[in-house]
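In: have a look; sequence and predicted model below, questions after that.
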Amino acid sequence: MAKISKRKAAAIAKIEEGKLYSINEAMALVKDVNLTRFDSSVDLHIRLGVDPRKADQAIRGTVTLPNGTGKTKKVLVFCTADKEDEAKAAGADYVGLDELIQKVQGGWTDFDVVVAMPNVMAKIGRLGRVLGPRGLMPNPKTGTVTPNVGAAVSDVKGGKISFRVDKFGIIHASIGRVSFEPNKLTENANELLGTLMKMKPSSAKGAYMKSVTVASTMSPGIAVDTKSIK
């Protein structure tokens, strides 16, 4: 069994075993038990009572976090020449079509979000092998396949995140950084969790939001009382 460092042991000791913390308490505590020396990500891990194999229960979507993510996302836009200026003006990091397609086919993935116009998706399809496994394939459900590329880029830069349930029924999402004030993390968490509550499929049986855990990178997790979610 791996030996736990004194710092990690001290952090774990601050978390009461078996306790479900209110969302406000959890966001204050996640800063206190953070073990990293850098401004690490604060992530929510949400276990839903859904069967992701059923189409109507494969939860996915987007939400705009009121306080942003604390990370500037690199956005790649696949578009026709007449939309390039619009994408660049909105802050896109990479804009183009054929040359960028070739670059991605070669394995280049130095970006966080991909936006594409509907009329170029036929060309983008061949990139599924590279983009698909990384969750980067543009999709109308997440607003990343759209003729309004400028608005899509602005949304991403302004704190819009995508989420999707994995095969185990869990959603993993970053809601900020440990440098955020606890109330800012709470607001972001409530925005995501509230969105998920509204998306509950009518066919899902039993408890919908089974468990919520918050943790910063490489630090212990804190169980959140789902009743404290607004």
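Out: Sure thing, it's come through.
In: may I ask you to confirm that residue 224 is in contact with residue 212?
Out: Yes - if you go by C-beta atoms under 8 Å, residue 224 and residue 212 touch, sitting 4.0 Å apart. Just so you know, the C-beta spots here come from the backbone N, C-alpha and C atoms, and that holds for glycine as well.
In: could I get the full set of helices for the protein?
Out: 6-13, 23-32, 84-89, 98-105, 121-124, 128-131, 149-157, 182-198 (DSSP state H).
In: columns mean pLDDT on top of these, output as TSV?
Out: Formatted as TSV, the helices of the chain follow (pLDDT from 0 to 100):
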stretch	mean pLDDT
helix 6-13	86
helix 23-32	95
helix 84-89	96
helix 98-105	95
helix 121-124	94
helix 128-131	92
helix 149-157	93
helix 182-198	95
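In: for residue 52, which of those is the nearest?
Out: With respect to residue 52, and counting by C-beta to C-beta, the nearest of those is helix 182-198 at 13.8 Å.
In: what angle sits between that closest one and helix 23-32?
Out: If you take axes from the mean of the first three to the mean of the last three C-alpha atoms, to 10 degrees, helix 182-198 sits at 130 degrees to helix 23-32.
In: just tell me which of the helices of the chain ends up closest to residue 58.
Out: Judged by C-beta to C-beta, the one of the helices of the chain that comes nearest to residue 58 is helix 182-198, at 13.2 Å.
In: residues of the closest one that come out buried?
Out: Under the neighbour-count criterion of 16 or more other C-beta atoms under 10 Å, helix 182-198 has 182, 184-193, 196 buried.
In: tell me the one of the residues you listed nearest residue 71?
Out: residue 188 (12.4 Å).
In: I'd say the closest one and residue 70 touch.
Out: No - Residue 188 is beyond contact range of residue 70, at 9.4 Å (criterion: C-beta under 8 Å).
In: find the nearest non-adjacent residue to the most centrally placed residue in the chain, please.
Out: By C-alpha atoms, centre = their mean, the chain has its centre lying nearest to residue 173, at 3.7 Å. Spatial nearest neighbour of residue 173, chain neighbours left out: residue 163 (4.9 Å); criterion: C-beta to C-beta, 6 or more residues apart in numbering.
In: run the chain-centre distance for stretch 67-74.
Out: 11 Å (C-alpha atoms, centre = their mean, to the nearest Å).
In: how long is it end to end?
Out: 18 Å (C-alpha to C-alpha, to the nearest Å).
In: looking at that stretch now, give me its mean pLDDT.
Out: Averaged across stretch 67-74, the pLDDT comes to 89.
In: neighbouring contacts of it?
Out: 39, 41, 93-94, 110-113, 156-159, 161, 174-177, 179-180, 184-185, 187-188 (C-beta atoms under 8 Å, 6 or more residues apart in numbering).
In: which stretches of the protein form strands?
Out: 41-48, 60-64, 75-78, 94-96, 113-116, 160-164, 170-177, 209-216, 222-224 (DSSP state E).
In: quick one: residue 161 from residue 112, how far?
Out: To residue 112, residue 161 is 10 Å away according to C-beta to C-beta, to the nearest Å.
In: for residue 24, which non-adjacent residue is spatially closest?
Out: In space, residue 24 is closest to residue 186, 5.6 Å off (C-beta to C-beta, 6+ apart).
In: likewise residue 94?
Out: That would be residue 76: by C-beta to C-beta, 6+ apart, it lies 4.4 Å from residue 94.
In: quick one: that neighbour and residue 211, what's the gap?
Out: 34 Å.
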